[in-house]
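# Please work out how this folds:
(2 chains)
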There are 2 protein chains.
Amino acid sequence: MADFNVTPWDVSGAIDYDKLIMQFGTKKISPALKERIQKSAGELHPMLSRDYFFSHRDMDLALDEHEKGKGFFLYTGRGPSGPMHIGHLVPLVFTKWLQDKFKCNLYIQITDDEKFLVKQGMQWEDTQKYSHENILDIIAAGFDPKRTFIFKDSEYIKNVYPLLLKTARKTTMSTAKAVFGFTDSSNIGLTFYPAYQIVPTFFEKKRCLIPSAIDQDPYWRIQRDIAESLGYFKTAAIHSKFLPPLSGTEGKMSSSAADSAIWLSDDAKAVKNKINKYAFSGGKSSMEEHRKLGGNPDIDVPFQWLKIFFEPSDKKLQKLHDDYKSGALLSGEMKAALIEKINTFLAAHKEKREAAKESIRDFMHEGPLAKRMWEQQF
Amino acid sequence: MADFNVTPWDVSGAIDYDKLIMQFGTKKISPALKERIQKSAGELHPMLSRDYFFSHRDMDLALDEHEKGKGFFLYTGRGPSGPMHIGHLVPLVFTKWLQDKFKCNLYIQITDDEKFLVKQGMQWEDTQKYSHENILDIIAAGFDPKRTFIFKDSEYIKNVYPLLLKTARKTTMSTAKAVFGFTDSSNIGLTFYPAYQIVPTFFEKKRCLIPSAIDQDPYWRIQRDIAESLGYFKTAAIHSKFLPPLSGTEGKMSSSAADSAIWLSDDAKAVKNKINKYAFSGGKSSMEEHRKLGGNPDIDVPFQWLKIFFEPSDKKLQKLHDDYKSGALLSGEMKAALIEKINTFLAAHKEKREAAKESIRDFMHEGPLAKRMWEQQF
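Numbering: from 1, shown residues only, chains lettered A, B, ... in the order given. Purely as a prediction, here's the structure:
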C-alpha cells in the first residue's frame, strides 16, 4: 500500500506524483511536450514550467489538431456545494490561459444536480444559490464571453437528454462502481450522474481538453472507453497536482476544513490572520536557529503557494527560495510576502466579480457561444 | 415455488390471482368496494363487475377523497418500443371510464427514455417515431383533451428534473435491484429510470390512482415508501389481470410473439385469419364430440377476450358461455363472434386515430391541462 490515496472522493497523504502517473496510467508532461506548447502558445505558463501541471492524456494529439487548424475545445466544471476558495480558482486561471493562447471554446458545467445527490441534507434552493454565487467567481477568472458557455446541469438538461441516455446506456453499474467507489447503498441518482459529466466532452466534433487536478481523471477513463463508439473523440486531459491546504503539504485544500482554506470572500484582515496563524512553515523554531540553519521551502506552505500561483516571476521566486534556505528570509517575511500577493489578488478578484453581475447573461444565455448552445439539441 | 411468475419483466405460467394478491401484499377488490365505486360512478364497468380489475392499493382512500370533494388524479404510461396491440389498449379503455366518471385529470407518460435504455440496439429516432404513433393510438381511446396531459419523458424532463433528483436521492441501488431485478451489468441509465416513473405521481398534491396490470405494481412500492417524506401522497393503484395471448390462457399478450397479438393496425382479414388460425380453443376436437360434451369457456381464448373486453352485455355473454358449455355453440361460432366484435372495434379505432392527428397538440401542448403543465416547474 502506498502512504497516499488519490480518488475522486479522497485525496490524502504525501503524494508521490511519479507513482501516481504510473498508477493512473497517464503520461508525464515531457520537456519536448512543454516545448511544443510553448511554440504554439508563444509562452509557457508558470504552472507548466514549474510542473504544477505535470501529467496528461493525449495532449500531444490536441496539439496536432491545433497545428492542423482543426483545433480543440476546453471543458471544466464546478460543483456548487458552497462558497469557493483559492484552490478552486487555480485551475480556472490556467484554463483561461489556455483559452487565450489557443483561442478555444470553453464549456463550464455547474453540477447542481450532483451536489444535491451527494448531500442528503442539502436543499435544492441551496444548490441554486451557490450556483449563482460560484458562477460570478468563475467569470471573474476572466474568460472570453464570446467563446465561453457556462451552464447549470438542471437548466441545460433539456438540450442534452438524448445524448445523456446514449452515454448512460454504454456504462454498466459495475464500471461505475469500480471507477467511483459506488456501492449498493449509493442512490440511483448519484450512480447515473457520471454520464452527465461525460456529455460536455461531446459538445463539438473535435477533441476536448480537460484541465483539472489529477483526482478527477477517473471520470474521463469511462469517456475514453465509450467516446469512439458514439462517434466522438476520446477526450484529452491535462492534470495538475493539488494546492496544499494551509495546514501542510499533504492532501489538498478542502472546503470541509475552513481554517485550511482562503475563501474568495475573505477580507484582507482575515487573510493575514489565517496565514499567520495556520500556514504550515518550513522555518526553524527560533529565529537564531533559522538564521543559522535556514528554512525548508519544500514543505513551507507559503512558499509553495507563491510557487504554484502567486509569484509569476521566476527570478523573484528563486530569490525567495534561496534566501529562505540560507536563513536570510524569515518565516514571517515569507508569510508577509504571500499575504500581500493574496490580498492584491483578492481585491482585484472582488472587482471583477462585481462586474460579472453584468456579463453573466452573456456567458449563460446571450453571448455568441451560449446562444448557439441553447439552439442546439443533442 | 409457484408454477407462475409475475414481475415487471416477466409474466408466465398459469397465474393464481388470489395467491398473487398475497405475494404482492395488495388487497382484493371486495363486493363492498365495488358497491362504493358504483355509487360514486353511477355504474360499474364490466371490467370491474367481471373481476378483470381485481386488486388494489388504497382505492378506498381515493374514494374517500373523491367523496370529500378533494378528488384524485389518474396516471398511466406507455413504453414506445413498437406498435401497439389490443392488450395495450384494454387498461386505457378502463382509464377513460374512470376519467369520465370521476372527472379526473389524467397524466400519460411516454417513456421514450426507458425503452431506449432497455434496448441496446434501438436508435433514438425509433423511440421518437413510435412515441408519435403510439400517442395517436392512445388518444383514440377517447380521453378528455381538457383534462389529459400526454408527455414524452425526453421533452418534459426540463420541467421535472429537480423533482426527479429528489426522488432518485431517496432510492438506493439495493432497493432498485431488489424491486426491478437489476444487476451490476445493468446500465446506469436503466437503474436511474425508476425515479422518473415515480415523478408523475407527484404532479398534484392529491392522491394519484394508477390503473395497470398487476405486474407493474412493484414500481409503486418504492413510491409508497418515499412519497410522504417528500410531502406527497402515497399513490393508490387498481390492478388488472392479464389479457391472455391468442395462444392460450397462460402468460400475457406480448409484442415479442407477433402471432399471439392483434395489432391495432391489423385489417379485418388479418384479424379473421389470426383468430381462426391461432386462437386457443376450449372446444372439443370434433364437432360431434363438442355437440355432445360441450366446450370449456374458461380456457377458450375467444370467450375470455369477449368477457374481458369485447362483449359489454352481461346477458349476451352469459348466453355465449352457456351455449358453449352445452355444445350448442361451436368453437368456430365463438371465434366468428369475436372476429366481428374486434373488427367493428378496430374500424372505429382507426377513425378515431385519424382524428387524433388534429387533437394531438391539445393533449401534448395546447389543451388547458397541458398548457398549465408546461408552465409549471417541479
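# Give me the neighbour count for A:Asp144.
Number of residues near A:Asp144 (other Cβ atoms under 10 Å in any protein chain shown) recorded here: 16. Glycine gets a C-beta too; all of them are placed from N, C-alpha and C.
# name the element it belongs to?
No secondary structure element spans A:Asp144, as it lies outside all helices and strands (assigned by DSSP states H and E).
# Please report the distance of the residue nearest to it when sequence neighbours are not counted from A:Ile214.
Using Cβ to Cβ, 6 or more residues apart in numbering or on different chains and skipping the chain neighbours, the partner closest in space to A:Asp144 is A:Gln99 (6.0 Å). In this view, A:Gln99 and A:Ile214 are 21 Å apart by Cβ to Cβ, to the nearest Å.
# of those two, who's got more company?
Relative neighbour count places A:Ile214 above the other of A:Gln99 and A:Ile214, with 25 against 21, counting by other Cβ under 10 Å.
# low pLDDT regions in the stretch 1-150 of chain A?
With pLDDT under 70 as the threshold, the stretch 1-150 of chain A has low-confidence stretches at A:1-2.
# For it, what lies in contact range of chain B?
The interface of the stretch 1-150 of chain A toward chain B, taken as Cβ under 8 Å from any Cβ of the partner chain, is made up of A:Asp113, A:Phe116, A:Leu117, A:Gln120, A:Trp124.
# nearest to A:Phe202, of the residues you listed?
Lowest distance from A:Phe202 to the residues of the stretch 1-150 of chain A next to chain B (Cβ to Cβ) belongs to A:Asp113, with 17.8 Å.
# ok, the closest one touching A:Asn187?
No - using Cβ atoms under 8 Å, A:Asp113 and A:Asn187 do not qualify as a contacting pair, with a distance of 11.9 Å.
# In terms of helices and strands, where is A:Gln223?
With DSSP H and E as the test, A:Gln223 turns up in helix A:217-226.
# Buried residues of that helix, list them for me.
For helix A:217-226, a neighbour-count test (16 or more other Cβ atoms under 10 Å in any protein chain shown) marks A:Asp217, A:Pro218, A:Tyr219, A:Trp220, A:Arg221, A:Ile222, A:Gln223, A:Arg224, A:Ile226 as buried.
# so is A:Lys325 in a helix, a strand, or just coil?
The three-state label for A:Lys325, taken from DSSP: H, G, I helix; E, B strand; the rest coil, comes out as helix.
# Not counting its neighbours along the chain, what's nearest it?
Beyond its immediate neighbours in the sequence, the residue positioned closest to A:Lys325 (Cβ to Cβ, 6+ apart) is A:Gly294, lying 4.8 Å away.
# which residues sit in contact with the one you found?
With Cβ atoms under 8 Å, 6 or more residues apart in numbering or on different chains as the criterion, the residues that contact A:Gly294 are A:Lys284, A:Tyr324, A:Lys325, A:Ser326, A:Gly327.
# can we see that at 6 Å?
The neighbourhood of A:Gly294, defined by Cβ atoms under 6 Å, 6 or more residues apart in numbering or on different chains, consists of A:Lys325, A:Ser326, A:Gly327.
# List only buried entries from the residues you listed.
Buried members of the contacts of A:Gly294, counted by 16+ other Cβ under 10 Å: A:Lys325, A:Gly327.
# Export the contacts of A:Gly294 as TSV, with columns for pLDDT.
Putting the contacts of A:Gly294 into TSV (pLDDT from 0 to 100) gives the following:
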residue	pLDDT
A:Lys325	97
A:Ser326	97
A:Gly327	97
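# Ramachandran angles for A:Asn5?
phi -140, psi 130 (degrees, to the nearest 10).
# correct me, but it touches A:Ser12?
Yes - counting by Cβ atoms under 6 Å, a contact exists between A:Asn5 and A:Ser12, whose distance comes to 5.1 Å.
# quick one: secondary structure of A:Asp51?
With three-state DSSP as the basis, A:Asp51 sits in coil.
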